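**Student:** give me coordinates for this.
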Amino acid sequence: MLELLPTLLPYNADLVNQVNFVAASAQSIVPAGPGDPTWFDNPAITREMLPATLETLAMTVVSSLFTVLFGLPVGLFLVSTAKTGLTPNATVNRILGFIVNLGRSLPFLILAVFILPFTRLVVGTTIGWQPACVPLIVGATPFFARLVESNIMGVDAGKIEAAQMMGASRRQIMWGVQVREALPALIQSTTVLVITIIGYSAITGAFGGGGLGSLAINYGYSRYQADTLLVSLIVIGVIVIVLQAIGDFFTRVVDHR
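**Tutor:** Model (predicted):
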């Protein structure tokens, strides 16, 4: 069935390449037998786990960095153009809000497949952890923008009015009052974003994205290696716990209430 897709979908070469990659991987996978090595005798754990973990961390760092760089201005612009914002503009706010809502409504797997041509245009390939960053950034930016909007809207209006009375510019109010006062909440939102991206990165393993998700699918699921699947889940869990602890620490550091 997989070999028929190039005929059924001639208009989407990127999707066909992804399917061919997965099919080739599947053909090289043999279900685990009773005599196969397990746990720390298993090459999937001893040799592949560390590189897959590093790929997941690389995807997370790169995707989170660009998502914050893109999502923070979008969230601030949503607040600024709102009815009670610094530069109210109902038309711009509705259009931008519609685009953000549309981006949030798309299931990540469908989005990742849909933008494969754009991914190839940006990175030059659709296989590996680097191309996986593109759909991760595109999918997470609207999500983070809404978090930023919610955090900024929670800033006390009295502090903004006080800054305006003292003659502060819009830029000074935005960064010196709104962002500064919302910084603990923004750090928490960034922590949520990073953990969400880790979950998304595991999904990219289904179509050649690399990382722990790819390892869990290719070995844990396709080869019935429960040990590989369990270790992959443990590693992801440890990463999430550590990142949450780091986020909580920095939140306490910047929170002077």
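
**Student:** avg pLDDT for the helix or strand hosting Ile239?
**Tutor:** Per DSSP states H and E, Ile239 falls inside helix 226-254. Model confidence over helix 226-254, given as mean pLDDT, is 87.

**Student:** quick check: buried residues in it?
**Tutor:** Across helix 226-254, burial judged by 16 or more other CB atoms under 10 Å covers Asp227, Thr228, Leu229, Val231, Ser232, Val235, Ile236, Ile239, Leu243, Gly247, Thr251. Just so you know, the C-beta spots here come from the backbone N, C-alpha and C atoms, and that holds for glycine as well.

**Student:** now do stretch 172-184
**Tutor:** With burial defined by 16+ other CB under 10 Å, the residues of stretch 172-184 counted as buried are Ile173, Met174, Val177, Gln178, Val179, Glu181, Ala182, Leu183, Pro184.

**Student:** in space, what's closest to Val247 - neighbours in sequence excluded?
**Tutor:** Not Val; residue 247 is Gly. In space, and not counting its chain neighbours, Gly247 is closest to Thr191: 2.9 Å by CB to CB, 6 or more residues apart in numbering.

**Student:** returning to what we had before: tabulate the buried residues of helix 226-254 (CSV), appending distance to Val92.
**Tutor:** Formatted as CSV, the buried residues of helix 226-254 follow (distance: CB to CB, whole Å):
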residue, distance to Val92
Asp227, 54
Thr228, 50
Leu229, 47
Val231, 49
Ser232, 44
Val235, 44
Ile236, 40
Ile239, 39
Leu243, 35
Gly247, 32
Thr251, 32
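
**Student:** tell me which two in these are the farthest apart.
**Tutor:** Of all pairs drawn from these, the greatest distance, 36.3 Å, lies between Asp227 and Thr251 (CB to CB).
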